[in-house]
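Peer 1: Attaching a predicted model along with its sequence, questions to come.
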Amino acid sequence: MNTQNYFDHPLKKQNIEYFIHLVRIAKADDIISQSEMALLHRIGKKLGFTDPEIDNLIANTNKSDYIPPYELSKRFDQVYEVVKMTLADGVLENSEMRLASGFAFKSGFSEGEIPKLLTMLIHGIKEGKDEEDLFEVYMKERKF
């Protein structure tokens, strides 16, 4: 049996906090569409959650503190998935963009780079590009 089940493993906590942000994005327009629900379940499984755990997290989205991953590529991937969630129902709401922007800021991206980052992600996702391709674009355009 996995000992991570007995302790509050930091990675699992980080994944829960991240997933809760995705749920908030999906609920920003007060409705979780079928496409948003499918995406939540796909990402939840990718994070190692079972369907009942995913459903429980969706039902109980209490406030929480987010601890972003250390690696820039992982933080970028999470922001990518948040933006993908905002686009899942085909309607990009201002409230969803505010949440995505707030998530990017909590993930360690600067206020100055967030608008360009989100715009790049929105256009890239609409063009069918994956997170690896967009991360390469981001790294080329990023100012250190």
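Peer 2: Noted; the coordinates are in hand. Numbers count the residues shown, from 1 in each chain.
Peer 1: okay, and for the protein, where does confidence drop off?
Peer 2: Scanning the chain for pLDDT under 70 picks out the ranges 1-8, 62-66, 143-144.
Peer 1: make it 50
Peer 2: For the chain, the stretches with pLDDT under 50 are 1-7, 144.
Peer 1: residues in contact with the residue nearest the centre of the chain?
Peer 2: For the chain, the residue nearest the mean C-alpha position is V82 (3.2 Å; CA atoms, centre = their mean). Listed by CB atoms under 8 Å, 6 or more residues apart in numbering, the contact partners of V82 are 21-22, 25, 99-100, 103-104. (C-beta placed from N, C-alpha, C; glycine too.)
Peer 1: all helices of the chain, in order?
Peer 2: For the chain, helices defined by DSSP state H occupy the ranges 10-26, 34-46, 51-59, 72-87, 94-106, 114-126, 131-141.
Peer 1: With respect to burial, which of those helices scores highest?
Peer 2: helix 72-87 (a mean of 21; mean count of other CB atoms under 10 Å).
Peer 1: Please export the C-alpha coordinates of it as CSV.
Peer 2: The C-alpha trace of helix 72-87 is given here as CSV (Å, rounded to 0.1, in the frame of the first residue of the first chain):
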residue,chain,number,x,y,z
LEU,A,72,8.7,27.0,-14.6
SER,A,73,7.6,24.4,-17.2
LYS,A,74,5.2,22.9,-14.7
ARG,A,75,3.8,26.3,-13.7
PHE,A,76,3.4,27.1,-17.4
ASP,A,77,1.6,23.8,-18.0
GLN,A,78,-0.8,24.5,-15.2
VAL,A,79,-1.6,28.0,-16.6
TYR,A,80,-2.0,26.4,-20.0
GLU,A,81,-4.6,24.0,-18.6
VAL,A,82,-6.4,26.8,-16.8
VAL,A,83,-6.7,28.8,-20.0
LYS,A,84,-7.8,25.6,-21.8
MET,A,85,-10.5,25.3,-19.2
THR,A,86,-11.7,28.8,-19.9
LEU,A,87,-12.1,27.9,-23.5
